[in-house]
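Asks: Coordinates for the following, if possible.
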Amino acid sequence: MSDGQVQAIGTVQRRALFSSFIGWMFDGFETSTLILVGGVAAMLLLGNPTPDEIRMAVGIAIGATLMGWAIGGTIGSILADHIGRKKMLMISIAGYCALTALTAFSPSWTVLIVLRFLTGMFLGSEWSTGTALVAETWPDKSRAKALGVMQSGYGFGFFLAAGLWLWLQPLWGPEAWRVMFVIGVLPALVLMYIRREVPESKLWLEAVKQSGSNDRTAAKGKSGLANLFSDREALGNAFATLVMAAVTVSVFYGTSALIGPYIGSIAAKQGLTVSTWASMSALIYNGGSIVGYVSGGFIAERIGRKPYMLLMFMGAICSGVMQAYTPETLTWSLVSVFILGVFTLGTFSWMPIYLPELFKTRVRSTASGVVFNLARIVSFPLPILTAFLFSTVGGYHMTVLSMTLLYFVAILALWFLPETRGKPLPN
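Replies: Now for the predicted structure:
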C-alpha cells in the first residue's frame, strides 16, 4: 500500500466524494435534459416536423453529445494524469456550465447540435477525473461503496431533470426546454468549494514526485496514453473493458429515448396526459437506476467484482426479455421500466468500481477515461440507428430486447479480466 492510500474515512474523503458526486449528478442532469426536452425543442426549432423527423433530429443531437463526450473525455482524462485530478475536475465543470447556458439560447437546431457537441466534450472529462480522485482518496475496504455512491449521482441528476421537467413544462409551456438548460448552470457554484476545500490526490502527487516533476506539470516524460500503450497487461485490460463499456453505453442510449414515447402512447390510449406520464416513466426508470448504482458497490464488495458484473449483465438481458413480454398496461409497463433502469442504467457502476483497480496511478485517469469515453465513439450512432431498428424489428418491445442481447458480448469480454476485490490500487 502506498503512503498516499489512506485506510480511514475522514473529511478529505467526504469532500472528494461530495464534489465528484455533484459534478456527476449534473452530468446526468445535462444528458437527460436533452432526452426529455429534445422532442419539444425540435418541434419549435424545426417548424412542423413529422414524428420520424423528430426522432431522427433528437437522435442526431444525442449522437453529437456522445461524440463530443468521447473526444473531450479522452483528452480530459489524459490531462488529469498530467495537470492533476482537482484542476481537471474544475475545468470540466466550468466548461459544461458555460456551454449549457449557451444551449438555452439556441436559435436553430443546427446551433443546438454544435453546442451539444461542445458541451459533451466537458461532460466526458468530469467522470474519469472524479472517479480517479475518489478511488485514490478512499480506503481499499470502502472504495467500491464510495464509487457506487458517486455513480449514483448520475441517476439523481436524471431524476432531478425528470422531476423539474414535469413541474416546469406546464408553467412555461413550449419554452420550458430553455429553462431546463439554464438550470444546468448551477454546478458552477460548486467550483469555489472544490478550489478551497478539496485537496489534490496524494497518490497522484506521489506519482508526480517519483517522476521527478512537480504538481504544476505532472509528468514531463511519457504521457499517460504512451504509458498505457507501452504496458501490455494494461492495454489488454483496457481493450476488454472497452468492449464491456461499449455494450453498456450502447444499450442505455439505444433504449432510453424510447421509454418516454412508449409510456406516453399507453397513457394516451387511457385518456391520460401524454407528457405527464412520459416524464413519470423517466422518474421511475431512474429510480431503478439509483437502486442499481448504490447497491453496486455493496454487492461488488461482498461477492467480488466479476460476479457482480456477471449478475448485472445477465439481469440486463433478462430485463430485455421482460420488456418483450410485458402486457401493454400502464402499471406493468412501469414496473418493467423500473427493472430495466436497475440493469441497463444502474449497471454503469461497474466502471468506476472496477476500472481504477486495473491500472496504475500514472495511467489510471487516462485508461479509465479512454475506456469510458471511447465507448461513446462506438455507441454514438446508436440513437440514430435505433430509429431505424424501431421500424424494422417491430416497435418498442423487440427493439429493447435486441439491444439488451448485446450483453452476451460483454459477458464474453468479462471472461478475460482479473478479479480485484480486496486488493490495493496498483501503484
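Asks: And for stretch 401-409, what's in contact with it?
Replies: 243, 247, 250-251, 254-255, 313-314, 316-317, 319-321, 323-324, 344, 386, 389, 393 (Cβ atoms under 8 Å, 6 or more residues apart in numbering). Quick note: C-beta positions are derived from backbone N, CA and C, even for glycine.
Asks: Buried ones among those?
Replies: Buried members of the contacts of stretch 401-409, counted by 16 or more other Cβ atoms under 10 Å: 243, 247, 250-251, 254-255, 313, 316-317, 319-320, 323-324, 344, 386, 389.
Asks: List just the nearest of the residues you listed to residue 141.
Replies: residue 313 (25.5 Å; Cβ to Cβ).
Asks: for the closest one, what are its contacts?
Replies: Residue 313 neighbours (Cβ under 8 Å, 6+ apart): 347, 407, 410-411, 414.
Asks: gap between it and residue 207?
Replies: From residue 313 across to residue 207, the span is 33 Å (Cβ to Cβ, to the nearest Å).
Asks: Determine the number of other residues adjacent to the nearest residue to residue 187 once chain neighbours are set aside.
Replies: Excluding the flanking residues, the one nearest residue 187 by Cβ to Cβ, 6 or more residues apart in numbering is residue 26, at 4.2 Å. Neighbours of residue 26 under the rule other Cβ atoms under 10 Å: 30.
Asks: didn't residue 26 look like it was pressed against residue 185?
Replies: No - Residue 26 lies out of contact with residue 185 (Cβ atoms under 8 Å); the separation is 9.3 Å.
Asks: Not counting its neighbours along the chain, what's nearest residue 367?
Replies: Using Cβ to Cβ, 6+ apart and skipping the chain neighbours, the partner closest in space to residue 367 is residue 359 (4.2 Å).
Asks: Quick check: what element follows the helix or strand of the chain with the lowest mean pLDDT along the chain?
Replies: Using mean pLDDT, DSSP states H and E, the weakest-scoring helix or strand in the chain turns out to be helix 382-392, at a mean of 68. As assigned by DSSP states H and E, the chain's next helix or strand after helix 382-392 is helix 396-404.
Asks: Just the CA atoms of that next one, as PDB, please.
Replies: Extracted in PDB, the C-alpha atoms of helix 396-404 (Å, rounded to 0.1, in the frame of the first residue of the first chain):
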ATOM      1  CA  TYR A 396     -40.500  -0.700 -28.800                       C
ATOM      2  CA  HIS A 397     -40.600  -4.300 -27.300                       C
ATOM      3  CA  MET A 398     -38.400  -6.000 -29.800                       C
ATOM      4  CA  THR A 399     -36.000  -3.000 -30.200                       C
ATOM      5  CA  VAL A 400     -35.300  -3.100 -26.400                       C
ATOM      6  CA  LEU A 401     -34.800  -6.900 -26.500                       C
ATOM      7  CA  SER A 402     -32.500  -6.700 -29.400                       C
ATOM      8  CA  MET A 403     -30.300  -4.100 -27.700                       C
ATOM      9  CA  THR A 404     -30.100  -5.900 -24.300                       C
END
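Asks: Can you get me the centre-to-centre distance for that helix and its chain?
Replies: How far helix 396-404 lies from its chain's middle: 21 Å, per Cα atoms, centre = their mean, to the nearest Å.
Asks: go on, stretch 80-95?
Replies: Its chain's C-alpha centre and that of stretch 80-95 lie 17 Å apart, by Cα atoms, centre = their mean.
Asks: Could I get the buried residue list for it?
Replies: Buried residues in stretch 80-95, counting neighbours by 16+ other Cβ under 10 Å, are found at 80-93, 95.
Asks: same check, this time on stretch 289-302
Replies: Buried residues in stretch 289-302, counted by 16+ other Cβ under 10 Å: 289-297, 299-301.
Asks: What average pLDDT does stretch 29-47 get?
Replies: For stretch 29-47, mean pLDDT is 86.
Asks: now stretch 104-124
Replies: Predicted confidence along stretch 104-124 averages 91 (mean pLDDT).
Asks: hey, C-alpha coordinates of that stretch in PDB?
Replies: What follows is stretch 104-124, C-alpha atoms only, in PDB (Å, rounded to 0.1, in the frame of the first residue of the first chain):
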ATOM      1  CA  ALA A 104     -30.600  27.500 -23.700                       C
ATOM      2  CA  PHE A 105     -30.400  30.400 -26.200                       C
ATOM      3  CA  SER A 106     -30.000  28.200 -29.300                       C
ATOM      4  CA  PRO A 107     -31.700  30.000 -32.300                       C
ATOM      5  CA  SER A 108     -31.700  26.900 -34.500                       C
ATOM      6  CA  TRP A 109     -31.400  23.100 -34.300                       C
ATOM      7  CA  THR A 110     -28.000  23.200 -36.100                       C
ATOM      8  CA  VAL A 111     -26.700  25.600 -33.400                       C
ATOM      9  CA  LEU A 112     -28.100  23.400 -30.700                       C
ATOM     10  CA  ILE A 113     -26.300  20.300 -32.200                       C
ATOM     11  CA  VAL A 114     -23.000  22.200 -32.300                       C
ATOM     12  CA  LEU A 115     -23.400  23.300 -28.700                       C
ATOM     13  CA  ARG A 116     -24.300  19.800 -27.600                       C
ATOM     14  CA  PHE A 117     -21.100  18.500 -29.200                       C
ATOM     15  CA  LEU A 118     -19.100  21.100 -27.300                       C
ATOM     16  CA  THR A 119     -20.900  20.500 -24.000                       C
ATOM     17  CA  GLY A 120     -20.300  16.800 -24.400                       C
ATOM     18  CA  MET A 121     -16.500  17.500 -24.500                       C
ATOM     19  CA  PHE A 122     -16.500  18.800 -21.000                       C
ATOM     20  CA  LEU A 123     -19.100  16.400 -19.700                       C
ATOM     21  CA  GLY A 124     -16.900  13.500 -20.600                       C
END
